[in-house]
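Colleague: predicted model and sequence below, questions to follow.
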Amino acid sequence: MGWCGLRGLRYSGRDSSLQTGPTMSEQQKMEPPQEGDHVVVLTGAGISADSGLATFRGGGGLWEGHRVEDVATPEAWARDPATVWRFYQMRRAALLDVEPNAGHRALAELERALPERGACLTLISQNVDDLHQRAGSTVLSMHGQLQRLRCETCGYFQDGLQYLDTEAFLPCPKCEDPSLRPDIVWFGEMPYKLEAIENAMFEVTHFLACGTSGAVYPASGLLSTARSVGAQTFVNALDAPENLGSRDVFLQGSASSVLPRWVAEFLAS
Ligand SMILES: [Zn+2]
């Protein structure tokens, strides 16, 4: 189950902004999941880095030696599809060498456990790997997925990593299009699942940003939305982001070490 479909505005009524500032112990105290609660988690590259998957963006603004505009834009695909294809086929192949880690598995466990309490989880990910899915989660993949190819002509989708040739394009089996493209949201394209994300954010009671730079859209926007509707907010990262709010609970450390503990405490509370 992903977005759990409890439509309608239902603010949690937990906005305690009129109170004086909390002590650390009050702030850290987690409110347990209750009937009707909607936990929203946003994950980014940090959670997959713990699986040994190189983060897409390396040093010097280059992505594995390529400039962003040469491999991650519709213009690059039009101008030099061979380079774009080789880049993504190598990234697809790299998925075969990695496994979900304890962070991915903890979020899958949370998704399974919440319905017993009448609550639910929506997992949003900026990641294009399939590690959440392999851990058993349902994911709103807002930037697409490496394991999927699609046809720009007829809309056909092909899932799986069977075809990993870096030189030859894969023609569409449904139409005349000579080359399926990676189903990745490139710069200048509209992210996926925005309506489902918006619906979840209408209902969010607990929000966790994990392994994503909290200062950069969309993480920053979702975090501030969650605060504005009175959700309890958590940020998991190696270092505190600049926009960490005074009422956000900061969970410092790697996702694979922090999330199993956080999920266990949340479900035990
Ligand atoms: Zn087609």
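Modeller: All right, it came through fine. Numbers count the residues shown, from 1 in each chain.

Colleague: mind listing what residue 187 touches?
Modeller: By Cβ atoms under 8 Å, 6 or more residues apart in numbering, the contact set of residue 187 is 68, 69, 72, 73. For every residue, glycine as well, the C-beta is placed using N, CA and C.

Colleague: rerun at 7 Å
Modeller: Residue 187 sits next to 68, 72, 73 when contact means Cβ atoms under 7 Å, 6 or more residues apart in numbering.

Colleague: out of the residues you listed, which is nearest to residue 97?
Modeller: Relative to residue 97, the closest of those is residue 72; by Cβ to Cβ it sits at 21.7 Å.

Colleague: contacting residues for that closest one?
Modeller: Residue 72 touches 63, 186, 187, counting by Cβ under 7 Å, 6+ apart.

Colleague: low-confidence bits of the stretch 101-250 of the chain, can you list those?
Modeller: 214-216 (pLDDT under 70).

Colleague: how many residues are close by the residue nearest to residue 82 when sequence neighbours are not counted?
Modeller: The shortest distance from residue 82 to any non-neighbouring residue, by Cβ to Cβ, 6 or more residues apart in numbering, is to residue 167 (7.7 Å). Using other Cβ atoms under 10 Å, residue 167 has 8 neighbouring residues.

Colleague: coming back round to it: turn the contacts of residue 72 into JSON lines, columns for distance to the ion.
Modeller: Converted to JSON lines, the contacts of residue 72 look like this (distance: Cβ to the ion, whole Å):
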{"residue": "63", "distance to the ion": "28"}
{"residue": "186", "distance to the ion": "19"}
{"residue": "187", "distance to the ion": "24"}
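
Colleague: tell me the residues of this structure that contact the ion?
Modeller: 151, 153, 154, 156, 172, 174, 175, 177 (Cβ under 5 Å from the ion).

Colleague: if we can go back for a sec, point out the least confident one among the contacts of residue 187.
Modeller: Ranked by pLDDT, these bottom out at residue 68, which has 82.

Colleague: before we move on, the earlier item: against residue 74, how distant is the residue nearest to residue 82?
Modeller: 22 Å (Cβ to Cβ, to the nearest Å).

Colleague: looking at the contacts of residue 72, which are in strands?
Modeller: Within the contacts of residue 72, residues falling in strands by DSSP state E are residue 63.

Colleague: tell me the one of the contacts of residue 72 nearest residue 114?
Modeller: Minimum distance to residue 114 across these is 33.5 Å, recorded for residue 186 (Cβ to Cβ).

Colleague: which one is residue 98 nearest to, not counting chain neighbours?
Modeller: Closest to residue 98 by Cβ to Cβ, 6+ apart is residue 51, at 4.6 Å.
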